[in-house]
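Asker: predicted model and sequence below, questions to follow.
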Amino acid sequence: VPPPCDFSIKSKQKQVGVTAGGASVSAKGATSGSGSITCITKTPTSVTKKVAAGNAGVSGAAAAAGNGVFKNLVTALTNISTTDDITKVQTQTIGSGGTGGAATILQLADANGGAALKEVKLDLLPIGTGLGVVKQTKQGQVTSSSSHKASGLGNSVLKVLNAHETELKLKGI
(Lines give C-alpha, C1' and ligand atoms only; values in the text may rest on other atoms or scores of the structure.)
Protein backbone atom coordinates (compact mmCIF):
# COMPACT_ATOMS: atom_id res chain seq x y z
CA VAL A 1 0.00 0.00 0.00
CA PRO A 2 1.55 3.33 -0.99
CA PRO A 3 2.03 5.97 1.69
CA PRO A 4 -0.48 8.83 1.77
CA CYS A 5 0.25 11.87 -0.36
CA ASP A 6 -1.57 14.41 1.82
CA PHE A 7 -1.09 17.92 3.10
CA SER A 8 -3.04 20.84 4.48
CA ILE A 9 -2.55 24.57 4.84
CA LYS A 10 -4.36 26.81 7.31
CA SER A 11 -4.19 30.60 7.62
CA LYS A 12 -5.92 32.28 10.55
CA GLN A 13 -6.28 35.82 11.84
CA LYS A 14 -7.97 37.35 14.91
CA GLN A 15 -8.47 41.04 15.67
CA VAL A 16 -10.24 42.42 18.74
CA GLY A 17 -10.45 46.04 19.91
CA VAL A 18 -12.41 48.37 22.20
CA THR A 19 -12.29 52.15 22.45
CA ALA A 20 -13.92 54.71 24.72
CA GLY A 21 -13.80 58.47 25.04
CA GLY A 22 -11.27 60.03 22.69
CA ALA A 23 -9.41 56.80 21.91
CA SER A 24 -8.96 55.26 18.49
CA VAL A 25 -7.42 52.00 17.34
CA SER A 26 -6.81 50.33 14.02
CA ALA A 27 -5.45 46.92 13.15
CA LYS A 28 -4.57 45.26 9.89
CA GLY A 29 -2.71 42.14 8.90
CA ALA A 30 -2.32 39.28 6.48
CA THR A 31 -1.09 35.72 6.60
CA SER A 32 -0.70 33.10 3.89
CA GLY A 33 0.90 29.79 3.10
CA SER A 34 1.45 27.59 0.09
CA GLY A 35 2.86 24.16 -0.53
CA SER A 36 3.24 21.28 -2.91
CA ILE A 37 4.00 17.59 -2.69
CA THR A 38 5.04 14.94 -5.21
CA CYS A 39 4.68 11.25 -4.44
CA ILE A 40 5.97 8.46 -6.68
CA THR A 41 5.29 4.80 -5.97
CA LYS A 42 6.98 2.10 -8.04
CA THR A 43 6.26 -1.62 -8.13
CA PRO A 44 7.61 -4.21 -10.56
CA THR A 45 4.54 -3.68 -12.78
CA SER A 46 3.35 -0.11 -12.14
CA VAL A 47 4.34 3.48 -11.51
CA THR A 48 2.03 5.94 -9.75
CA LYS A 49 2.75 9.67 -9.59
CA LYS A 50 0.69 12.12 -7.56
CA VAL A 51 1.35 15.86 -7.52
CA ALA A 52 -0.60 18.26 -5.32
CA ALA A 53 -0.35 21.99 -4.61
CA GLY A 54 -2.37 24.50 -2.65
CA ASN A 55 -2.48 27.82 -0.87
CA ALA A 56 -4.49 29.55 1.83
CA GLY A 57 -4.43 33.20 2.84
CA VAL A 58 -6.40 35.71 4.85
CA SER A 59 -6.24 39.42 5.49
CA GLY A 60 -8.24 41.72 7.67
CA ALA A 61 -8.56 45.27 8.86
CA ALA A 62 -10.49 46.78 11.74
CA ALA A 63 -10.85 50.21 13.30
CA ALA A 64 -12.74 51.85 16.14
CA ALA A 65 -12.91 55.38 17.51
CA GLY A 66 -14.74 57.04 20.37
CA ASN A 67 -17.09 54.47 21.84
CA GLY A 68 -16.50 51.51 19.53
CA VAL A 69 -15.86 47.80 19.65
CA PHE A 70 -14.86 45.21 17.03
CA LYS A 71 -14.13 41.51 16.71
CA ASN A 72 -12.82 40.11 13.42
CA LEU A 73 -12.03 36.38 12.94
CA VAL A 74 -11.13 34.87 9.56
CA THR A 75 -9.72 31.47 8.51
CA ALA A 76 -8.81 29.84 5.19
CA LEU A 77 -8.11 26.11 4.87
CA THR A 78 -6.89 23.89 2.02
CA ASN A 79 -6.76 20.13 2.56
CA ILE A 80 -5.62 17.51 0.03
CA SER A 81 -5.91 13.80 0.80
CA THR A 82 -5.38 10.63 -1.22
CA THR A 83 -6.05 6.92 -1.02
CA ASP A 84 -5.43 4.20 -3.60
CA ASP A 85 -8.52 5.15 -5.64
CA ILE A 86 -9.61 8.58 -4.35
CA THR A 87 -7.99 12.01 -4.45
CA LYS A 88 -9.91 14.71 -2.58
CA VAL A 89 -9.36 18.48 -2.46
CA GLN A 90 -11.23 20.51 0.15
CA THR A 91 -11.16 24.29 0.51
CA GLN A 92 -12.93 26.40 3.08
CA THR A 93 -13.09 30.01 4.17
CA ILE A 94 -14.70 30.93 7.47
CA GLY A 95 -15.38 34.37 8.88
CA SER A 96 -17.15 35.86 11.85
CA GLY A 97 -17.16 39.22 13.47
CA GLY A 98 -19.09 42.14 14.73
CA THR A 99 -18.90 45.82 15.43
CA GLY A 100 -20.59 48.21 17.81
CA GLY A 101 -20.67 51.98 17.92
CA ALA A 102 -18.08 53.77 15.81
CA ALA A 103 -16.27 50.72 14.43
CA THR A 104 -15.68 48.90 11.15
CA ILE A 105 -14.21 45.59 10.00
CA LEU A 106 -13.15 44.07 6.67
CA GLN A 107 -12.00 40.51 5.96
CA LEU A 108 -10.77 38.70 2.86
CA ALA A 109 -10.04 34.98 2.58
CA ASP A 110 -8.86 32.70 -0.25
CA ALA A 111 -8.17 28.96 -0.33
CA ASN A 112 -7.15 27.02 -3.45
CA GLY A 113 -5.95 23.49 -4.06
CA GLY A 114 -5.36 21.02 -6.84
CA ALA A 115 -3.96 17.58 -7.49
CA ALA A 116 -2.98 15.54 -10.53
CA LEU A 117 -2.70 11.77 -10.66
CA LYS A 118 -1.20 9.47 -13.26
CA GLU A 119 -0.82 5.73 -12.88
CA VAL A 120 0.68 3.41 -15.48
CA LYS A 121 0.48 -0.36 -15.16
CA LEU A 122 2.49 -2.75 -17.30
CA ASP A 123 1.49 -6.37 -17.70
CA LEU A 124 4.54 -8.22 -18.95
CA LEU A 125 3.43 -11.23 -20.95
CA PRO A 126 5.68 -14.26 -21.28
CA ILE A 127 8.38 -13.99 -23.95
CA GLY A 128 7.64 -16.12 -26.97
CA THR A 129 3.87 -15.57 -26.88
CA GLY A 130 4.14 -12.82 -29.49
CA LEU A 131 1.88 -10.56 -27.40
CA GLY A 132 4.48 -8.24 -25.81
CA VAL A 133 3.41 -5.67 -23.19
CA VAL A 134 -0.08 -4.52 -22.25
CA LYS A 135 -0.10 -0.96 -20.88
CA GLN A 136 -2.97 0.57 -18.91
CA THR A 137 -3.09 4.20 -17.85
CA LYS A 138 -5.39 6.16 -15.58
CA GLN A 139 -5.03 9.85 -14.91
CA GLY A 140 -7.01 12.82 -13.68
CA GLN A 141 -6.95 16.25 -12.10
CA VAL A 142 -8.99 17.73 -9.30
CA THR A 143 -9.25 21.32 -8.02
CA SER A 144 -11.22 23.30 -5.46
CA SER A 145 -11.37 26.98 -4.61
CA SER A 146 -13.14 29.05 -1.94
CA SER A 147 -13.03 32.75 -1.13
CA HIS A 148 -15.04 35.44 0.58
CA LYS A 149 -15.06 39.14 1.35
CA ALA A 150 -17.07 40.51 4.27
CA SER A 151 -17.37 43.82 6.06
CA GLY A 152 -19.28 45.42 8.90
CA LEU A 153 -19.90 49.01 10.02
CA GLY A 154 -21.62 50.48 13.06
CA ASN A 155 -23.74 47.89 14.86
CA SER A 156 -23.18 44.77 12.74
CA VAL A 157 -22.80 41.01 12.98
CA LEU A 158 -21.42 38.72 10.28
CA LYS A 159 -20.88 34.98 9.84
CA VAL A 160 -19.54 33.30 6.70
CA LEU A 161 -18.88 29.65 5.84
CA ASN A 162 -17.85 28.96 2.25
CA ALA A 163 -16.80 25.31 1.80
CA HIS A 164 -16.09 23.31 -1.36
CA GLU A 165 -14.93 19.76 -2.03
CA THR A 166 -14.00 17.90 -5.18
CA GLU A 167 -13.39 14.16 -5.17
CA LEU A 168 -11.81 12.14 -7.96
CA LYS A 169 -12.26 8.35 -8.06
CA LEU A 170 -10.13 6.44 -10.54
CA LYS A 171 -10.57 2.68 -10.71
CA GLY A 172 -9.79 0.05 -13.25
CA ILE A 173 -6.12 -0.86 -12.96
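Answerer: Arrived safely.
Asker: okay, CA-based contacts and neighbour counts for the rest of this
Answerer: Fine.
Asker: and for G33, the neighbour number?
Answerer: The criterion is other CA atoms under 10 Å. On that basis, G33 has 17 neighbouring residues.
Asker: and it, what element?
Answerer: strand 24-42 (DSSP states H and E).
Asker: ditto for A150
Answerer: Counting by DSSP H and E, the element that carries A150 is strand 133-153.
Asker: which positions in that strand come out as buried?
Answerer: Within strand 133-153, the residues scored as buried using 16 or more other CA atoms under 10 Å are 142-148, 150-153.
Asker: low-scoring pLDDT stretches of this protein, where are they?
Answerer: Counting by pLDDT under 70, the ranges of the chain that qualify are 1-3, 124-132, 134, 172-173.
Asker: so what are the sheet partners of the helix or strand following the strand holding A150 and their directions?
Answerer: Stepping forward along the backbone from strand 133-153, the first helix or strand reached (DSSP H and E) is strand 156-169. Its sheet considered, strand 156-169 pairs with strand 86-124 (antiparallel) by DSSP bridges.
Asker: what angle separates the strand it pairs with from strand 24-42?
Answerer: On the basis of axes from the mean of the first three to the mean of the last three CA atoms, to 10 degrees, strand 86-124 is oriented at 20 degrees to strand 24-42.
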